[in-house]
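Peer 1: Predicted coordinates and the sequence they were generated for:
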Amino acid sequence: MNIFRIRILVDDQDGFIRELEIKSNQTFKTLHDFIVKNIKLGGKELASFQIIDDNWKKLQEITLMDMSGEVDKKAGKADAMQPIFLMDRTRLDVFLKEIGQMFIYEYDFLQMHTFQLEIFDIAKADDKKKYPEMIYSKGTLVLRENVKVEQDPDKLKQKLLHDFNSMFSDDDDDDDDFDVGGDDY
């Protein structure tokens, strides 16, 4: 059995690096759970892995859950959906094949935390070790400011109505700076 040695980076945080080992026959869900636990992400948000090409174009998504909804049986071949790959049913070695291969992990679509992952080595598994395992850790992940989402529907409705009405109130003088007379055309 082989293991993948994977490096995790964050684009805008040069000091943050994590390296882990995971068996090639383990699932993307196992990798997801390990990342969430070891980077302390919380674990209650949606996430996905993106298989990419050399130009960072997304080729295939492996999702935490199926969000596709109902399939339109009348859709033509051009409208056909890509197959859905779920993390808990998809082994890493289905998509991950070689040293240098890059892929993306996106966590919490509201905050959109994006991690760049790279296979930096492939080796034989040690039967005495338990995988996945963190083998290197440097730096602290600094997450962006949390977006606050109002949980009380009545308070949310009041805030949205207030924001909407304030757009039409006379409190804002920004649009009073032009002459409606029409002589300046």
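Peer 2: Structure received. What you see is a predicted model; the values in this text were computed from it and never measured.

Peer 1: which stretches of the protein form helices?
Peer 2: If DSSP state H is used as the criterion, the helices of the chain fall at 28-39, 153-167.

Peer 1: of all those, which lies closest to residue 54?
Peer 2: helix 28-39 (21.0 Å; CB to CB). Backbone N, C-alpha and C define where each C-beta goes, glycine included.

Peer 1: buried sites along that closest one?
Peer 2: 28-32, 34-36, 39 (16 or more other CB atoms under 10 Å).

Peer 1: number of nearby residues for the residue nearest to residue 116 when sequence neighbours are not counted?
Peer 2: Leaving aside its chain neighbours, residue 116 sits nearest to residue 9 (4.7 Å; criterion: CB to CB, 6 or more residues apart in numbering). Residues lying near residue 9 (other CB atoms under 10 Å) number 15.

Peer 1: Could you list which residues are in contact with residue 9?
Peer 2: 16-17, 115-118 (CB atoms under 8 Å, 6 or more residues apart in numbering).

Peer 1: Of the residues you listed, keep whichever come out buried.
Peer 2: 16, 115, 117-118.

Peer 1: Redo these as TSV? Include pLDDT and distance to residue 159.
Peer 2: Shown next, in TSV, are the buried ones among the contacts of residue 9 (pLDDT from 0 to 100; distance: CB to CB, whole Å):
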residue	pLDDT	distance to residue 159
16	92	35
115	93	32
117	97	38
118	97	43
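
Peer 1: Out of those, list just those in strands.
Peer 2: 16, 115, 117-118 (DSSP state E).

Peer 1: ok, what's across the strand from the residue nearest in space to the middle of the chain?
Peer 2: What sits nearest the mean C-alpha location of the chain, by CA atoms, centre = their mean, is residue 106, with 1.3 Å. For residue 106, the beta-bridge partners under DSSP bridges are residue 48, residue 114.

Peer 1: just to revisit the earlier point, return the member of the buried residues of helix 28-39 nearest to residue 110.
Peer 2: residue 36 (15.7 Å).

Peer 1: Model confidence at the closest one, what's the number?
Peer 2: On the pLDDT scale, residue 36 is placed at 92.

Peer 1: any low-confidence regions in this protein?
Peer 2: 69-82, 144-152, 156, 169-185 (pLDDT under 70).

Peer 1: And the strands in it?
Peer 2: 2-10, 13-23, 47-52, 58-63, 85-86, 102-107, 113-124, 133-138.

Peer 1: can you put those strands in TSV and add distance to residue 164?
Peer 2: Shown next, in TSV, are the strands of the chain (distance: least, CB to CB, whole Å):
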stretch	distance to residue 164
strand 2-10	36
strand 13-23	37
strand 47-52	33
strand 58-63	34
strand 85-86	39
strand 102-107	31
strand 113-124	30
strand 133-138	47
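
Peer 1: out of those, nearest to residue 161?
Peer 2: Nearest to residue 161, of the strands of the chain and by CB to CB, is strand 113-124 at 31.5 Å.
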